[in-house]
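Undergrad: Predicted model and sequence below, questions to follow.
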Amino acid sequence: MAQGDGISKKSERKIRTMKRILVISWYFPPINSSEGLVTYKLLKNSKYQYDVCMQDSNDSWSYGKNEQLPECGNVKKICLQGESLDTWKSAAVEYFRKHQNEYDIVMTRSMPPESHEIGLEIKKMKPGITWIASFGDPIANNPFVLKGMQTMSPYSLQMRYVRKMGIREMISPVREMKNLLWKRRQKAPLQALEKERTLEHNILSNCDKIIFNNPYQKKYMLSSCGKEIAKKAVVLPHSFDAELYDASIAPSSDKIQMVYIGHLDATRTPRLFLKGIAALKKEHPDLAEHLEVLFYGHMAANDKVYLIDHELLDVVKIKKPVDYKTSLSIMRNSDWLLHVDANLHGILDENIFFAAKLADYIGANRPIFGMTMFEGAGADVVRAVNGVTVSYSVDEIKNYLYLIAYENYTVEIDQDGMNQFNATEVAEKFDAMVEKLDR
């Protein structure tokens, strides 16, 4: 080929000799999970060829195992035993042992952390391999875990500065026994926390490239790391794939329909949003004629009780979880999409979590209403597409809901902001990173 007649001989030789990339991902379609879908969209839109070590029998911590998405021509699925994480981990390590000469690059996807543990084993087996470690969430010091842990014994003498403690209680042997028992019960969680910190440090130290999904997560996880580790880091946001959405249809109701899709619990709770609805309904008893809010997925029992106690079931509907493709259709045919982040103040000043579902919301091209911490990933993403962000304030939520329900308030999605989360754009950045690694 003459120079200038298309790709260079060097590039042609590189394309011809480039080996397939091995991906280690416990979650991958047909398992319906956030991490698996994020991985699927990235690989589907990449120019490289992939072998994915996954499993399709264990749907723990997922939305099911029958997600039927288009097969990717550049992806070969290698289904391993998935009865447990340990058996899958052993099978993945053994697979690489037998096929290590077929790969120059491996990418491990977490959650769960066992994917990265496999990466550590692979790096020991073949030190020259290029290892990309992608993190959905932190392994160590996960704010959700820290929020659920008590850091000080309620029976400690130090608590006398927090609550009133009389002399009799301070010198009580019963108090001291309770204090010792509390410390003993906390020993196991603290040991697990230290084990996670060691694991995460080993992964960050031994891999060749680190993928984070937002800059706040990157700053949080690298806060105690040196410059050598920080130089490996790249931020690639979660993405949407426009090809997976069906066409929108005309609304079947005159009501404004607001939809939430995903998991909620006692920490990631919509309680303040529900209080905003209750406050608005108290002022406007006809609210149910103007607004309908649909929650698809799990909601904590005490939030369901709140709906009953405050007679909000004419406005708020609880729906069962739906498959991924159905969720995209529901998003596209909604008037507003509701996003809820956990309030992690007291643990964090900035939200480090970018929920993958938020990228799918963006792809639906519908207005987004985000209840989130003022600073952080969630707020930045919603603002990037001209969505509405509210803090954890009942009055602020109530006032916006009034405007939406009674004044036809809406927003236009910022198309430039939207494009940065398009899977084709994100995959292009990923491919450029891989190309540099493969030189």
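TA: Here it is on my side, so go on.
Undergrad: Confirm that residue 234 sits in a strand.
TA: Yes. Using DSSP: H, G, I helix; E, B strand; the rest coil, the secondary structure at residue 234 is a strand.
Undergrad: List the beta-bridge partners for it.
TA: Taking DSSP bridges as the rule, residue 234 bridges to residue 211.
Undergrad: wait, what's in contact with it?
TA: Residue 234 sits next to 209-212, 433 when contact means C-beta atoms under 8 Å, 6 or more residues apart in numbering. Placement of C-beta: from N, CA and C, glycine included.
Undergrad: change it to 10 Å
TA: Neighbour list for residue 234: 132, 134, 209-212, 218, 429-430, 432-433 [criterion: C-beta atoms under 10 Å, 6 or more residues apart in numbering].
Undergrad: what's the answer for residue 396, then?
TA: 272, 276, 371, 389-390.
Undergrad: ok, then the element right after the strand or helix carrying it?
TA: Assigned by DSSP states H and E, residue 396 belongs to helix 394-406. For helix 394-406, the following helix or strand on the C-terminal side (DSSP H and E) is helix 415-419.
Undergrad: Return the list of helices and strands in contact with that following helix.
TA: Identification of packing neighbours for helix 415-419 by 3 or more C-beta pairs under 10 Å, 6 or more residues apart in numbering; DSSP states H and E yields helix 356-364, helix 377-384.
Undergrad: For the following helix or strand past the first one, the averaged confidence score.
TA: In this case it means helix 356-364. Next helix or strand after helix 356-364 toward the C-terminus (DSSP H and E): strand 368-371. Mean pLDDT, computed over strand 368-371, is 98.
Undergrad: Same question for stretch 398-410.
TA: Stretch 398-410 comes out at a mean pLDDT of 97.
Undergrad: Just the buried residues of it, please?
TA: 398, 400-402, 404-405 (16 or more other C-beta atoms under 10 Å).
Undergrad: What segments of the stretch 251-400 of the chain are helices?
TA: Ranges of helices within the stretch 251-400 of the chain are 271-283, 301-309, 324-332, 356-364, 377-384, 394-406, based on DSSP state H, counting those that start in this stretch.
Undergrad: Mind putting those into JSON lines with distance to residue 244?
TA: Formatted as JSON lines, the helices of the stretch 251-400 of the chain follow (distance: least, C-beta to C-beta, whole Å):
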{"stretch": "helix 271-283", "distance to residue 244": "28"}
{"stretch": "helix 301-309", "distance to residue 244": "30"}
{"stretch": "helix 324-332", "distance to residue 244": "6"}
{"stretch": "helix 356-364", "distance to residue 244": "8"}
{"stretch": "helix 377-384", "distance to residue 244": "19"}
{"stretch": "helix 394-406", "distance to residue 244": "27"}
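Undergrad: for the stretch 1-150 of the chain, what are the low-confidence residue spans?
TA: Filtered on pLDDT under 70, the stretch 1-150 of the chain yields the residue ranges 1-18, 60-62, 64, 148-150.
Undergrad: which residues does residue 404 contact?
TA: Contacts of residue 404 by C-beta under 10 Å, 6+ apart are 256, 258, 280, 290-291, 335-336, 367, 369, 388, 410.
Undergrad: now do residue 126
TA: 96-97, 100-101, 103-104, 106.
Undergrad: Looking at the helices and strands packed on helix 415-419, which is nearest to residue 194?
TA: In terms of C-beta to C-beta, the element of the helices and strands packed on helix 415-419 nearest to residue 194 is helix 377-384, at 26.7 Å.
Undergrad: Flag every buried residue along that closest one.
TA: So for helix 377-384, counting by 16+ other C-beta under 10 Å, buried means 377-382, 384.
Undergrad: just the angle between that helix and helix 356-364, please?
TA: Per axes from the mean of the first three to the mean of the last three C-alpha atoms, to 10 degrees, the angle that helix 377-384 makes with helix 356-364 is 10 degrees.
Undergrad: Would you mind measuring from residue 214 to residue 370?
TA: 14 Å (C-beta to C-beta, to the nearest Å).
Undergrad: residue ranges with poor pLDDT in the stretch 251-400 of the chain?
TA: Looking at the stretch 251-400 of the chain by pLDDT under 70, you get an empty list.
Undergrad: Narrow the contacts of residue 126 to those in helices?
TA: 96-97 (DSSP state H).
Undergrad: Output the contacts of residue 126 as a markdown table; include the columns neighbour count.
TA: Output for the contacts of residue 126, formatted as a markdown table (neighbours: other C-beta atoms under 10 Å):
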| residue | neighbour count |
| --- | --- |
| 96 | 22 |
| 97 | 12 |
| 100 | 15 |
| 101 | 8 |
| 103 | 17 |
| 104 | 18 |
| 106 | 25 |
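Undergrad: Show me the contacts of residue 126 that map onto strands.
TA: residue 106 (DSSP state E).
Undergrad: Would you point out the most distant pair within the contacts of residue 126?
TA: Using C-beta to C-beta, the two most remote members of those are 97 and 104, lying 16.2 Å apart.
Undergrad: quick revisit: out of the helices and strands packed on helix 415-419, which gets nearest to residue 165?
TA: Nearest of the helices and strands packed on helix 415-419 (C-beta to C-beta): helix 377-384, 39.4 Å.
Undergrad: Let me see the contact set for the residue nearest the centre of the chain.
TA: Centroid check for the chain by C-alpha atoms, centre = their mean gives residue 355 as the closest residue, at 4.0 Å. Taking C-beta under 10 Å, 6+ apart, we find residue 355 in contact with 34, 213, 238, 262-263, 268, 339-342, 361, 370, 372, 377-378, 381.
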